[in-house]
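Enquirer: below is the sequence, then the predicted model.
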Amino acid sequence: MNIKHPARSFVLAQALTLAATFGALAAPEDYTFKIIGSELHQGAGAAITVSPTDLRTNAPASDAVIFTTRLDMAPEGMEGMTTPVEAVASGIPGQYQFKADLAMAGDWRFQIAAKVQGEAETVQGELILGVKP
């Protein structure tokens, strides 16, 4: 490498050092939503607990703000069959709990959108929930 400008070389070296020290910025693809807990059963007030997880560290994102949810039976070919989802307080950091009435057994699709602190873009996820009778 032919360096004609020592100042540019110094700035480049500093930038590379900072990048190596702090790592690359996260992207929405660096997160996933994981279902936490036991089997879900058909009925009113089913508890659904999820954890947005940083795939780089496998640590839960305890500072997420979940602002959109949708629960439907799209995997069963019934996307129009939806049910309201209600946020419920969770005492465990990194776990977010919801309550929904699951009218039928089968596979339900749970779509989630969240803002994670320090992440400029929205983190989105889709979980398939197997609901037993």
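Expert: Perfect, I can see it now. Numbers count the residues shown, from 1 in each chain.
Enquirer: can you point out the buried residues in stretch 47-56?
Expert: For stretch 47-56, the neighbour count (16 or more other C-beta atoms under 10 Å) marks 48-54 as buried. Where C-beta positions appear, they are placed from N, C-alpha and C, glycine not excepted.
Enquirer: over to stretch 106-124?
Expert: So for stretch 106-124, counting by 16+ other C-beta under 10 Å, buried means 106, 108-112, 114-116, 119, 123.
Enquirer: which one of the buried residues of stretch 47-56 sits closest to residue 129?
Expert: Nearest to residue 129 among those, counting by C-beta to C-beta, is residue 48 at 6.9 Å.
Enquirer: which phi and psi does the closest one have?
Expert: Per-residue torsions, residue 48: phi -120, psi 120 (degrees, to the nearest 10).
Enquirer: ditto for the one 5 residues further on
Expert: Summarising the backbone geometry of residue 53 under the convention degrees, to the nearest 10, its torsions are phi -120, psi 130.
Enquirer: which residues does it contact?
Expert: Residues counted as contacts of residue 53 (C-beta atoms under 8 Å, 6 or more residues apart in numbering) are 31-34, 59-61, 94.
Enquirer: let me see the confidence value for residue 13.
Expert: pLDDT for residue 13: 45.
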